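Peer 1: how does the following fold in three dimensions:
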Amino acid sequence: MSESELPKDAAKDTAEVLRRRADWLARTVGNEQARKLAFEVAIVRVGNEQFGLPTGALREIVAIPPIAPLPGLPAYLLGIAQIRGTILSVLDLAKYLNVDKCGEWSELVVIEDTQGALGVLVEQVIGFRTVYTDQLAESFSSLGGGGRPDQAMTTDVVAVLDLRSLLASDRLIVG
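Peer 2: Residues are numbered from 1 along each chain as shown. Predicted coordinates:
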């Protein structure tokens, strides 16, 4: 049935619903532009948890290369790997953050800043996301405790990691 075939009241109601939807959609677009950016992150899965890795410290995501184990390292440091001519430590993020691993490692995320580079094993790279300040949990304390480098938590439970403090940790060997 076309709008011309509807009774006048039904056509008027339909037009009103469509007008309200258009107003709402226009407001949503306007609000997106006014929102304050908090982070651009890569969302990764480790165990049953999702973590946001700020893209400012993200160098690349690669297939897992051969890892050479070294004696005497803590359990969360698996050894070293070579990526594009750079030798870097490889971190088992699940063991480091005390998260139960669910599956196999699928990618190596290379993070880097002025302190050096580090390879971080993750089970899945879910994608990339813009996080706005209104998407952050208002009251936040590090869920893992014990020096876990959580910087923020989104309202949909993605822990944004503070990669600068991770790279600066005296528990790691970053080079």
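Peer 1: what is the burial count for the residue nearest to Gln151 when sequence neighbours are not counted?
Peer 2: Nearest-residue entry for Gln151: Asp162, 3.8 Å, with adjacent residues in sequence omitted and distances by Cβ to Cβ, 6 or more residues apart in numbering. For the C-beta atoms, the positions are set from N, CA and C on the backbone; glycine is no exception. By other Cβ atoms under 10 Å, 16 other residues sit near Asp162.
Peer 1: and the gap between Asp162 and Val41?
Peer 2: Going from Asp162 to Val41 by Cβ to Cβ, to the nearest Å gives 12 Å.
Peer 1: about what we covered before: show the contacting residues for the residue nearest to Gln151.
Peer 2: With contact set as Cβ atoms under 8 Å, 6 or more residues apart in numbering, Asp162 has these partners: 149-151.
Peer 1: 10 Å instead?
Peer 2: With contact taken as Cβ atoms under 10 Å, 6 or more residues apart in numbering, Asp162 is in contact with 54, 57, 142, 148-152, 168.
Peer 1: and for Ile111?
Peer 2: 42, 53-60, 88, 91, 117-120, 161, 163-164, 166-167, 174.
Peer 1: how about 6 Å then?
Peer 2: Shown in contact with Ile111 (Cβ atoms under 6 Å, 6 or more residues apart in numbering): 57-58, 118, 163.
Peer 1: geometric centre of the protein: which residue is closest?
Peer 2: Gly52 (1.9 Å; Cα atoms, centre = their mean).
Peer 1: tell me what the residue nearest to that one when sequence neighbours are not counted is bridged to.
Peer 2: Excluding the flanking residues, the one nearest Gly52 by Cβ to Cβ, 6+ apart is Val41, at 3.4 Å. Assessed by DSSP bridges, Val41 has beta-bridge partners Pro54, Arg129.
Peer 1: just the pLDDT at Val41, thanks.
Peer 2: The per-residue pLDDT reported for Val41 equals 95.
Peer 1: in contact with it, which residues?
Peer 2: 52-54, 129, 131.
Peer 1: per-residue confidence for the residue nearest to Gln151?
Peer 2: For Asp162, the model assigns a pLDDT of 91.
Peer 1: how's the protein carved up into domains?
Peer 2: According to automatic domain parsing, the chain comprises the domains 3-34, 37-168.
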